[in-house]
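Participant: Below are the sequence and a predicted model; questions follow.
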Amino acid sequence: MTQLRPIQQRPFSTIPVRAALLLVFALAGCHKNANPVNPSSLGPTAAPPPTPAPTATLTADPLAIDLGGSVVLNWRTTDATTVSIDGIGPVNVNGTQTVSPSTSTNFHLVAKGDGGSVEANVRVTVRIPVVPVAPTEPAAQATDMGSEEVFHQNVPDIFFDYDSSALRPEGEASAAKAASFLVAHPDIRIVIGGYCDDRGSAEYNLALGENRANAAKTALVSAGVAPARIRVVSYGKEKQFCTEETEACWQQNRRAQFSLDR
């Protein structure tokens, strides 16, 4: 009788199992050690675009008119939220307006927006009509003029507020007194000089001095003095009556001065 041998079991192979475990542990370790992305490592972010600065244009049509005429102001702005014009006040960001200045005027516009502010200017010249008069004899003219002292007693200077060419009540009274004397002495010709204090640019004060002289001339013409008898000149801030830096001194320099035109 043949004796059977016991069946020997094959040993279980652990190589594939170990490989699988190592793969799982490796994946787990990689996941555990992963760090989140630092935003600062990506470099600087793009800055928002700058807010555009406003732009503005101001024109006048026509640029020169006769006294009593009208002119059309036209303004255009971009990127502005508020717009104002000196002497008019707040206006739309774009628009037109008809004005009738009585003297030569510098219209000043200021436009403001989130990106800053900008200014625009236009000057309108007002022509005072000239009425021709018959020439007078020099001897009669000299007799009628009288002395400088009598002239200045009856034709006093007119003084103005800071940065203004409007006649104050006392200025209107001075103009009325001067007109009364000049109407009674029709052969007298005069020069009105416009003066300013020393603050501000020379160009601006020349324009302001002209406005002051023309304002005084307009008051005399309205009271009956022939325009042809009056000549105006602006000295701006170039000729100062007082040189102290005080309000009292500045007031002396803000005037329309009357002189005999020989």
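Facilitator: Yep, that arrived.
Participant: Point out where the stretch 1-150 of the chain drops to low pLDDT.
Facilitator: Residue ranges of the stretch 1-150 of the chain with pLDDT under 70: 1-45, 130-146.
Participant: Contacts only, for Pro90.
Facilitator: For Pro90, the contacting residues are Thr82, Val83, Ser84, by CB atoms under 8 Å, 6 or more residues apart in numbering. C-beta here means a position set from N, CA and C on the backbone, and glycine is covered the same way.
Participant: what lines up beside the host helix or strand of Asn106 in the sheet?
Facilitator: For Asn106, the host element (DSSP states H and E) is strand 105-113. Partner strands and pairing direction for strand 105-113 (DSSP bridges) are strand 82-85 (antiparallel), strand 116-127 (antiparallel).
Participant: Return the set of buried residues in the last one.
Facilitator: In this case it means strand 116-127. Across strand 116-127, burial judged by 16 or more other CB atoms under 10 Å covers Val118, Ala120, Val122, Val124, Thr125, Val126.
Participant: Give me the buried entries from the contacts of Pro90.
Facilitator: Of the contacts of Pro90, these count as buried by 16+ other CB under 10 Å: Val83.
Participant: Throw the contacts of Pro90 into CSV and include distance to Val71, thanks.
Facilitator: Formatted as CSV, the contacts of Pro90 follow (distance: CB to CB, whole Å):
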residue, distance to Val71
Thr82, 24
Val83, 19
Ser84, 19
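Participant: out of the contacts of Pro90, who's nearest Glu210?
Facilitator: Using CB to CB, Ser84 is the member of those that sits closest to Glu210, with 24.0 Å.
Participant: Contacts only, for that closest one.
Facilitator: By CB under 8 Å, 6+ apart, the neighbours of Ser84 are Pro90, Val91, Leu109, Val110.
Participant: which of those residues has the most neighbours?
Facilitator: With neighbours taken as other CB atoms under 10 Å, the top of these is Leu109, carrying 22 neighbours.
Participant: I'd like to know how far it sits from Glu119.
Facilitator: Note on Leu109: its distance to Glu119, by CB to CB, to the nearest Å, is 7 Å.
Participant: same check, this time on Ser222
Facilitator: Distance, Ser222 to Glu119, by CB to CB: 33 Å.
Participant: Show me which pair in the buried residues of strand 116-127 is furthest apart.
Facilitator: Val118 and Val126 (26.9 Å).
Participant: And the strands in this structure, which stretches?
Facilitator: Using DSSP state E, the strands found in the chain span residues 55-61, 64-66, 71-78, 82-85, 89-91, 95-99, 105-113, 116-127, 158-159, 190-195, 230-236, 255-260.
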